[in-house]
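>>> missing the sequence, but the structure's below:
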């Protein structure tokens with residue numbers, strides 16, 4: 001059995017969920033090779049991360 005025949009038979013026996021998972025896995029690998037997905041997204045800004053006012057005075061409520 002050639003490699004292509006083996007792959008075709010394996011693909012034929014896979015369920016739809018496994019095929020979809022393997023396609024996503026392949027796409028992620030290809031995108032990673034091109035440099036996509038290597039840097040995590042920055043955290044969303046929150047109110048807790050703000051500091052005191054720069055020019056002094058009390059913080060606004």
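The structure has been received and is ready for your questions. From a predicted model like this one, the values you see are computed outputs, not experimental measurements.
>>> do you know how far the closest residue to residue 28 other than its chain neighbours is from residue 29?
Nearest residue to residue 28, sequence neighbours excluded (CB to CB, 6 or more residues apart in numbering): residue 37, at 6.7 Å. To be clear about C-beta, it is placed using only N, CA and C from the backbone, and glycine gets the same treatment. Applying CB to CB, to the nearest Å, the value for residue 37 to residue 29 is 10 Å.
>>> cool, and residue 38?
Taking CB to CB as the measure, residue 38 and residue 29 are separated by 12 Å.
>>> between these two, who's got more neighbours?
A side-by-side neighbour count of residue 38 and residue 29, using other CB atoms under 10 Å, places residue 29 first with 11 against 8.
>>> tell me the mean pLDDT for the helix or strand containing that one?
Secondary structure from DSSP states H and E places residue 29 in helix 16-34. The average pLDDT within helix 16-34 is 92.
>>> cool, and stretch 39-59?
Summarised as a single mean, pLDDT over stretch 39-59 is 69.
>>> List the buried residues of stretch 9-26.
Residues of stretch 9-26 include none that count as buried (16 or more other CB atoms under 10 Å).
>>> do stretch 33-50 as well
Residues of stretch 33-50 include none that count as buried (16+ other CB under 10 Å).
>>> At the geometric centre of the protein, which residue sits there?
residue 37 (6.0 Å; CA atoms, centre = their mean).
>>> Is that one in contact with residue 27, as I believe?
No: taking contact to mean CB atoms under 8 Å, the distance of 10.1 Å between residue 37 and residue 27 leaves them out of contact.
>>> Who's the closest spatial neighbour of residue 38, skipping the chain neighbours?
Of all residues beyond its chain neighbours, the one nearest residue 38 is residue 32 (6.7 Å), with distances taken as CB to CB, 6+ apart.
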